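Novice: here is a sequence with its predicted model. Questions after.
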Amino acid sequence: MNIKYIITGFSLFLFACQSITPPDIIPNTIVPSQKLITYQQMELIGFIHFTVNTFTDKEWGYGDESPETFNPLALDVEQWVKTAFAAGMKQLILTAKHHDGFCLWPSEYTEHSIKNSPYKNGNGDVVREFVAACKKYSLKTGLYLSPWDRNHKDYGTPAYITYYKNQLEELLTQYGEINEIWFDGANGGDGYYGGANEIRKIDRETYYGWEDIILFVKNLQPNIKIFSDAGPDVHWIGNEKGFAGSTFWSTINTDSLTIGASKTDYLNTGDPKGTKWIVGQCDVSIRPGWFYHADQDSLVKTPQQLADIYYKSVGRNSLLLLNLPPDKRGIIHENDVQALTDFRAIIDESFAKDLAKDQMASANNTRKKHPKFAPSNTLDENPITYWATDDGIFPAILEIDLNENNIFDRIMIQEPIRFGQRISRFEIDVIGSNGWETIFKGTTIGYKRIIRISPINTRKIRLRITKANNTVAISNFGLYRSSHKEKTTD
């Protein structure tokens, strides 16, 4: 055979081998479902606390309030939704029933509801209006049904659990798709209880039968996300300040968690050895209270405070749930709207331009030396593409050359979490007059980590990953400059 054809054939064989796309990196044992990835990508959602408490100036109603107390004269549910939409929220959750037991829909199982209020002469249904407005503006819908009920005569007995499930069925079968149902640890105490006016205590570990309720909910709406201390889809972050831990894992063990009685520090950090992937949710109110109080009109969180909360929630691998309580008119107060508007402007301005996008990226190792895993994949703002190293490479170093000196004070890093959360220790260096200088040391990254630093003027920056539980992989690395300061450090 002619030697020329042998060489040509071998060259074609080598080319074909190089063209074969290698498989993705091996996923961790614990990875998120696509529905949880999509859920966390919303990043910012809202809470609407609105009930008789709004009119009695209370945070927790006792349960003896007359339905006639609920009488908003200018209720505008679309104003709530438009306000949330303009702030960049992707979902709103409504308190369909708070601890006082008053229902914002005409439940057939109680008289303590909107059907006996002056609102629309008893023909109103705020839940229906709310769901319709969310759908109109393409926001996902969530509902909160308080497990505790200070009005119901049967609370504390098995009969109340039947009542509770009946109301869940009303909410989850009569209003279309509900994206999230919110359960908290409201576990009894003093209340009206149909006129008994007494303290009722329950065994929080057994009374509600949460496993059965969760199964019941999932059977009604298979795609719904359930929030509680223990998930199963979304878990409380352990405080009502809106802050996740500076180290935060999306994995957690739920065996020892009890709704309403879980260790808050554990919820705030997650667990690198956790056996379930449950998204962390940081809940906080824009005001000191969760319901509207006129004497808090001057105490609305400033745009800078809201931005700080954003960085310590979304920027720490969590999702931010911000409460917006409508006032007695039935609209979100002007002060709250202005604070939200200015907050959104801060975030939009701060991340308007990625200085690293499409610049030069290099690494000390590229998996299989294949372009599928190239360092440049971190600079395309695409969450699907990623840079990866061969197994066991530490430190794994990603270096960005900006072509010329640039000033930045925000760094954003993302892992391709469909393969799991991996990184547990990293450092960031910049090139200076004396060579490489370390400007930040961190632990977890996850879906998104945003780091605020003092403004840096440099041409080169590098990410050094020194510890991970599996092959190193990064999907995005961005650099930004903000003109806003939040008087805090990371």
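Specialist: On my side now, so go ahead.

Novice: alpha carbons only for contacts and neighbour counts from here, please
Specialist: OK.

Novice: secondary structure class of N219, three-state.
Specialist: Assigned with DSSP: H, G, I helix; E, B strand; the rest coil, N219 falls in the helix class.

Novice: tell me, how many residues neighbour it?
Specialist: Applying other C-alpha atoms under 10 Å, we find 11 residues neighbouring N219.

Novice: try D24
Specialist: Counted with other C-alpha under 10 Å, D24 comes out at 11.

Novice: how close does it sit to A294?
Specialist: Applying C-alpha to C-alpha, to the nearest Å, the value for D24 to A294 is 56 Å.

Novice: please save the CA atoms from stretch 476-490 in PDB.
Specialist: This file holds the C-alpha atoms of stretch 476-490, laid out as PDB (Å, rounded to 0.1, in the frame of the first residue of the first chain):
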ATOM      1  CA  ASN A 476     -19.200  31.800  34.500                       C
ATOM      2  CA  PHE A 477     -16.700  34.400  35.800                       C
ATOM      3  CA  GLY A 478     -17.700  38.100  35.600                       C
ATOM      4  CA  LEU A 479     -16.200  41.400  36.600                       C
ATOM      5  CA  TYR A 480     -18.200  44.600  37.200                       C
ATOM      6  CA  ARG A 481     -17.900  48.100  38.400                       C
ATOM      7  CA  SER A 482     -20.600  49.700  40.500                       C
ATOM      8  CA  SER A 483     -20.900  53.300  41.500                       C
ATOM      9  CA  HIS A 484     -22.900  52.300  44.600                       C
ATOM     10  CA  LYS A 485     -21.600  51.300  48.100                       C
ATOM     11  CA  GLU A 486     -23.500  49.500  50.700                       C
ATOM     12  CA  LYS A 487     -21.300  50.200  53.800                       C
ATOM     13  CA  THR A 488     -20.400  46.600  54.300                       C
ATOM     14  CA  THR A 489     -17.800  44.000  53.400                       C
ATOM     15  CA  ASP A 490     -17.900  40.400  52.300                       C
END
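
Novice: please, which helix or strand holds T141?
Specialist: strand 140-145 (DSSP states H and E).

Novice: same check, this time on E437
Specialist: strand 435-442.

Novice: that strand packs against which elements?
Specialist: If contacts are counted by 3 or more C-alpha pairs under 8 Å, 6 or more residues apart in numbering; DSSP states H and E, strand 435-442 sits against strand 423-432.

Novice: report the inter-axis angle for the strand it packs on versus strand 435-442.
Specialist: 150 degrees (axes from the mean of the first three to the mean of the last three C-alpha atoms, to 10 degrees).

Novice: average pLDDT for strand 423-432?
Specialist: Mean per-residue pLDDT for strand 423-432: 97.

Novice: stretch 469-484 too?
Specialist: 96.

Novice: list the buried residues in that stretch.
Specialist: Across stretch 469-484, burial judged by 16 or more other C-alpha atoms under 10 Å covers 470-482.

Novice: in its sheet, what does the strand holding E437 sit against?
Specialist: strand 423-432 (antiparallel) (DSSP bridges).

Novice: what sits up against the strand it pairs with?
Specialist: 436-446, 458-469, 472 (C-alpha atoms under 8 Å, 6 or more residues apart in numbering).

Novice: now tell me what touches stretch 377-389 from outside.
Specialist: Counting by C-alpha under 8 Å, 6+ apart, 25, 356-359, 361, 365-368, 372-376, 396, 414, 416, 471-478 sit against stretch 377-389.

Novice: kindly report the same for stretch 239-255.
Specialist: With C-alpha under 8 Å, 6+ apart, stretch 239-255 has contacts from 30, 230, 237, 264, 268-280, 282-285, 309, 312-313, 316-318, 320-321, 421, 442-446, 490.

Novice: the closest residue to R481 other than its chain neighbours: what secondary structure?
Specialist: With sequence-adjacent residues excluded and distances taken as C-alpha to C-alpha, 6 or more residues apart in numbering, R481 is closest to F408, at 4.3 Å. At F408 the chain is in strand, as set by three-state DSSP.

Novice: that's a helix at R344, yeah?
Specialist: Yes: membership of R344 in a helix is supported by three-state DSSP.

Novice: for it, give me its contacts.
Specialist: Counting by C-alpha under 8 Å, 6+ apart, R344 has contacts A86, A87, G88.

Novice: pick the one among those residues closest to L299.
Specialist: A87 (19.2 Å; C-alpha to C-alpha).

Novice: I'd like the distance between the residue nearest to that closest one when sequence neighbours are not counted and L355.
Specialist: Excluding the flanking residues, the one nearest A87 by C-alpha to C-alpha, 6+ apart is R344, at 5.4 Å. Separation of R344 from L355 (C-alpha to C-alpha): 21 Å.

Novice: ok, back up a step: I'd like to know which elements the helix or strand following the strand holding E437 is packed against.
Specialist: Going down the chain from strand 435-442, the next helix or strand is strand 449-468, by DSSP H and E. Packed against strand 449-468 by the contact rule (3+ C-alpha pairs under 8 Å, 6+ apart) you find strand 396-414, strand 423-432.

Novice: what's the mean pLDDT across the helix or strand where V284 lies?
Specialist: Using DSSP H and E, V284 falls within strand 279-285. Computed over strand 279-285, the mean pLDDT rounds to 98.

Novice: sec struct for E170, please.
Specialist: On the basis of three-state DSSP, E170 is classed as helix.

Novice: not counting its neighbours along the chain, what's nearest it?
Specialist: That would be S107: by C-alpha to C-alpha, 6+ apart, it lies 7.5 Å from E170.

Novice: wait, that neighbour sits on L171?
Specialist: No: contact criterion C-alpha atoms under 8 Å: S107 and L171 do not qualify, at 9.1 Å.

Novice: more neighbours, these two?
Specialist: Ranked by neighbour count (other C-alpha under 10 Å), S107 and L171 place L171 first, with 23 against 18.
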